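Participant: return a 3D structure for these sequence lines:
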Amino acid sequence: MSAEVPPRPIGYRIPSLSYRILAGGLRLLPLIVILVGIPVALLTFLSTHGLHVPISILTVTVAGLAISVLSTARYILKPTRAYGPLSMAVSVVTILYLLTFFLAATLVFGLPQHGISVGIGVEGVIGLLLLVPGLGLAAGIVTTIEDVRSPRERLPFDYPP
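Facilitator: Numbers count the residues shown, from 1 in each chain. Reported below is the predicted structural model:
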């Protein structure tokens with residue numbers, strides 16, 4: 001005789017709000033460093049050496065902070081109906097940010113006091129990068145529709161017992 005295996009309980013285990021806030025805060029700090037600190041330092045370094053980049057430090061700072069904060073809010077509110085709209089918001093802000101790079105896709109660096117300039121075209125790379133938030137936007141739309149149609153249906157998959 002073999003022992004019967006009890007069936008897996010149907011349900012889900014959502015982490016507490018305080019845990020999600022703590023984990024979200026721990027994710028927020030590296031995101032700000034990666035999306036704001038490093039690009040601003042790089043742009044400042046380039047501008048102090050006489051190289052002009054067509055993206056302003058203000059644009060990088062605002063977009064980086066917006067993406068970081070919205071992404072953290074999305075993580076914290078994942079078990080709620082706000083997850084889909086926040087996913088769409090993160091994707092839209094990321095698309096707009098990448099489009100600013102796409103509009104200035106040919107970066108021309110002129111060496112000061114020399115007659116040399118170097119142009120770098122990055123349209124193809126930015127076009128490929130736009131696919132990721134585009135797919136994220138589509139996923140956010142589908143998640144929002146599914147959460148409206150059948151609330152809490154995705155929770156056992158997102159937070160298994």
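
Participant: next, the buried residues of stretch 76-95.
Facilitator: For stretch 76-95, a neighbour-count test (16 or more other C-beta atoms under 10 Å) marks 76-79, 82-91, 93-95 as buried. C-betas here are computed from N, CA, C, even on glycine.

Participant: CA atoms only: put that stretch into CSV for me.
Facilitator: Presented in CSV, the C-alpha positions along stretch 76-95 are these (Å, rounded to 0.1, in the frame of the first residue of the first chain):
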residue,chain,number,x,y,z
ILE,A,76,4.5,47.1,-3.5
LEU,A,77,1.0,47.1,-5.1
LYS,A,78,1.4,43.9,-7.1
PRO,A,79,-1.4,42.0,-5.2
THR,A,80,-3.9,44.8,-5.9
ARG,A,81,-5.8,45.9,-9.0
ALA,A,82,-3.4,48.9,-9.3
TYR,A,83,-0.6,46.5,-10.6
GLY,A,84,-1.8,46.6,-14.2
PRO,A,85,-2.1,50.4,-14.5
LEU,A,86,1.2,50.9,-12.7
SER,A,87,2.8,48.5,-15.1
MET,A,88,1.4,50.5,-18.0
ALA,A,89,2.7,53.7,-16.4
VAL,A,90,6.2,52.4,-16.0
SER,A,91,6.2,51.2,-19.6
VAL,A,92,4.9,54.6,-20.9
VAL,A,93,7.4,56.6,-19.0
THR,A,94,10.2,54.3,-20.2
ILE,A,95,9.0,54.5,-23.8
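
Participant: next one: it to chain centre, how far?
Facilitator: Distance, stretch centre to chain centre, for stretch 76-95: 10 Å (C-alpha atoms, centre = their mean, to the nearest Å).

Participant: got it, and stretch 65-77?
Facilitator: Relative to the centre of its chain, stretch 65-77 is centred 8 Å away, using C-alpha atoms, centre = their mean.
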